[in-house]
Each structure stands twice: as structure tokens, then as C-alpha cells.
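Enquirer: Here's a sequence, model it:
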Amino acid sequence: MEVLLRSALRLTRHHEEAEDVVQDTYLRAWKYFHRFEPGTNARAWLFRIMFNVINQRYSDRNNGHPGERVSIEDSGLDQILASAPPPTLSNWEIMDALEKLPTDYRSVMLMVVVEEFSYKEAADILDIPLGDRNVQIASW
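Expert: I've put the predicted structure just below:
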């Protein structure tokens, strides 16, 4: 539960909203537990539910327009990723940089770097294809 709350807080940026998201995630997991396939990754299943909850909340608020889709080419992110990172960064600098990313990119980073899901697991959880031009999962 702490892991989901931490990720929800990073995505929603509001503690009460993150708590609501996690509570809704657990309620849905309980309601749909019969759909869970034994032997599969329960943690990934819970994250998938959480992202569905978040996407639904933002979609409802934005009249069907979830998240901030930003093309890699349009955002200048391709230039940032092409350059080598500075030799040392503090944890605060890393967290600050993560907070500045659009939600879609931040979600991918959280799943792969922070929560250590594989690229395939992250794509499944976030319901995006590997190599999507808007949210590309690439090994750096």
C-alpha cells in the first residue's frame, strides 16, 4: 500500500487525492479479485488498476482528455535525452526533474526507474505500446 501511495502522490501531487486513488484501487481490486490470474504479478495488477483509476479521474475532469500527451519531438525531450547527464546529481535534483516531466513521461519513469518494472510490464501497466511515439520506452 505504501508503494502505491508513494506513486499516486508523485502523479497526483496532492496527498488527499493520492489517498483516494489508493483507496479506490484497493476497492476495485477487491471487487474484481475474481479476474486476477493466480501466478501473475499481483503488484503489476494493482498498479494497472491504480493507473486506470487515475486516468478515469483525469478523463472525467478534462471531458475525456486524459493526461498531457506531448510528442518527444515537440517537447525538446529528444535533445535532453541525447545529452549525457551531469556526473553527479543530488536526490533533490532528480526528484525536481521528475516533477517537471509531463504526467505521461513521469508515469513511465516511475514504473521503470523507481518501481523497477520491466519495460514490458510498464507498458502493460500503463496500457501503452512499447515504442509509442508519444511515450517511448527506451533503454538509455
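
Enquirer: center of the protein, which residue is that?
Expert: By C-alpha atoms, centre = their mean, the chain has its centre lying nearest to residue 107, at 2.2 Å.

Enquirer: Settle this for me: it is touching residue 11, isn't it.
Expert: Yes: Residue 107 lies in contact with residue 11 (C-beta atoms under 8 Å); the separation is 6.4 Å. To be clear about C-beta, it is placed using only N, CA and C from the backbone, and glycine gets the same treatment.

Enquirer: and residue 32, how many neighbours does it have?
Expert: Using other C-beta atoms under 10 Å, residue 32 has 11 other residues around it.

Enquirer: got the buried residues for the longest helix seen in the chain?
Expert: Among the segments of the chain that qualify as a helix by DSSP state H, the longest is helix 42-61. Using 16 or more other C-beta atoms under 10 Å as the test for burial, helix 42-61 gives 44-55, 57-58.

Enquirer: any chance of these in TSV, with pLDDT too?
Expert: TSV is the format used below for the buried residues of helix 42-61 (pLDDT from 0 to 100):
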residue	pLDDT
44	90
45	91
46	93
47	92
48	90
49	92
50	92
51	89
52	88
53	91
54	88
55	83
57	84
58	75
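
Enquirer: Thanks a lot, see you next time.
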